[in-house]
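Trainee: Predicted model and sequence follow; I will ask about them next.
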Amino acid sequence: MRYISCVLITLALVSGSCSRPKGFTPRKIESDYPADCALAPIPMPKELRPLFDHPFTFLGSGNHTYAFSSADGQYVIKFFKQNRMRTQKLFLSKARKEERAKLRKRSLESYRIARDLLPKETQLVYLHDTKSSHLNLQISLIDQHGHTHKFQADDMEFLLQKRGILTFDHIQNLLKQGDDQRAVGAMVSLLDLVKSRAEKGIYDKDIQFFKNYGFVNGKPIEIDIGEFRMDPREANPEKIARDRLGFASQFFHWIDNNAPHLKAPFQEALCG
């Protein structure tokens, strides 16, 4: 009995010491995948390189990435959650490895759709989707605890976006300025953005305006770009019209709770 008790205590201690840390850690964004030689190196625009002279500060995490703000607050650098994509880990079943490989493939396809087909709609300004040897830059990240971590940009998989203001923060700012017309126009512009993307045959299952969309210099953008899929059925005019009304319900709900006086003008603009 004493032996069994000691074994149980030891297992409990080992289990506790090996528990996974919550939130961002450096290891979670480090890729174990080699460089993809089939991809031609894409140079970073010269105007972006000075961003790396200063640390990026932790903002938060989404479904697919950890996000950090540039020192000037104008850009966000996002790192893929590699801990969910690794197939090189020991004790993973074949099915689990296939699932992770599929997730990685779909995520990278989504970012490439954003880069190639939706650069203005997403304000994606650079995508580094495989290891390389041409950047020669160091990335400094300040995590949620104030600790600094340094990486070689060539070894990382990341993207750079213009930093947007979340949808309803932007609309609230317009209302504080007394600009009801622009507030209504902002909501309609987001619906037009979704319509324009669908007309290109691009699908996004995660349309939540309160967290995945926003504005850069007053222009609507998609902030979360990890769920794009090519699907020609999306371009069907009847489907687009139905979806537009469905997505508009998010704005009606917000209006009812925050700005009831916008309901009539929004309805008019929606039907105009």
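Mentor: All right, it came through fine.

Trainee: Which stretches in the stretch 1-150 of the chain count as helices?
Mentor: 2-17, 94-117, 119-122 (DSSP state H, counting those that start in this stretch).

Trainee: how far is the second one from where the chain is centred?
Mentor: Think helix 94-117. 14 Å (Cα atoms, centre = their mean, to the nearest Å).

Trainee: Same question for the last one.
Mentor: Between the mean C-alpha point of helix 119-122 and the mean C-alpha point of its chain there is a distance of 13 Å (Cα atoms, centre = their mean).

Trainee: which parts of that helix are buried?
Mentor: 121-122 (16 or more other Cβ atoms under 10 Å). (C-beta placed from N, C-alpha, C; glycine too.)

Trainee: just checking, what packs against it?
Mentor: Here helix 119-122 touches helix 180-199, strand 219-222, going by 3 or more Cβ pairs under 8 Å, 6 or more residues apart in numbering; DSSP states H and E.

Trainee: Any chance of TSV for the ones you listed, columns mean neighbour count?
Mentor: Output for the helices and strands packed on helix 119-122, formatted as TSV (neighbours: other Cβ atoms under 10 Å):
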stretch	mean neighbour count
helix 180-199	18
strand 219-222	22
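
Trainee: So what are the structural domains in the protein, by residue number?
Mentor: When the chain is parsed with automatic domain parsing, its domains come out as 24-162, 165-271.

Trainee: got CSV for those, with mean pLDDT too?
Mentor: Putting the domains of the chain into CSV (pLDDT from 0 to 100) gives the following:
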stretch, mean pLDDT
domain 24-162, 94
domain 165-271, 96
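
Trainee: what about the closest residue to Gly23 other than its chain neighbours, how many residues close to it?
Mentor: What sits nearest to Gly23 in space, not counting adjacent residues and going by Cβ to Cβ, 6 or more residues apart in numbering, is Gln144, at 5.9 Å. Counted by other Cβ atoms under 10 Å, the residues lying close to Gln144 total 14.

Trainee: dump the residue contacts of Gln144.
Mentor: 23-24, 58 (Cβ atoms under 8 Å, 6 or more residues apart in numbering).

Trainee: Of these - the most surrounded one?
Mentor: Neighbour counts for the contacts of Gln144, by other Cβ under 10 Å, peak at Phe24, which reaches 21 neighbours.

Trainee: Quick check: phi and psi at that one.
Mentor: phi -70, psi 140 (degrees, to the nearest 10).

Trainee: Wait, it touches Asp143, no?
Mentor: Yes - counting by Cβ atoms under 8 Å, Asp143 is a contact partner of Phe24 at 5.6 Å.

Trainee: Spit out the residues that contact the two alike.
Mentor: With Cβ under 8 Å, 6+ apart, Phe24 and Asp143 have common neighbours Phe58.

Trainee: need the strands for the stretch 1-150 of the chain, in chain order.
Mentor: 56-61, 65-69, 75-80, 124-128, 138-142, 148-152 (DSSP state E, counting those that start in this stretch).

Trainee: Please produce JSON lines containing those strands, extended by distance to Glu227.
Mentor: Below are those laid out as JSON lines (distance: least, Cβ to Cβ, whole Å):
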{"stretch": "strand 56-61", "distance to Glu227": "15"}
{"stretch": "strand 65-69", "distance to Glu227": "12"}
{"stretch": "strand 75-80", "distance to Glu227": "14"}
{"stretch": "strand 124-128", "distance to Glu227": "14"}
{"stretch": "strand 138-142", "distance to Glu227": "25"}
{"stretch": "strand 148-152", "distance to Glu227": "26"}
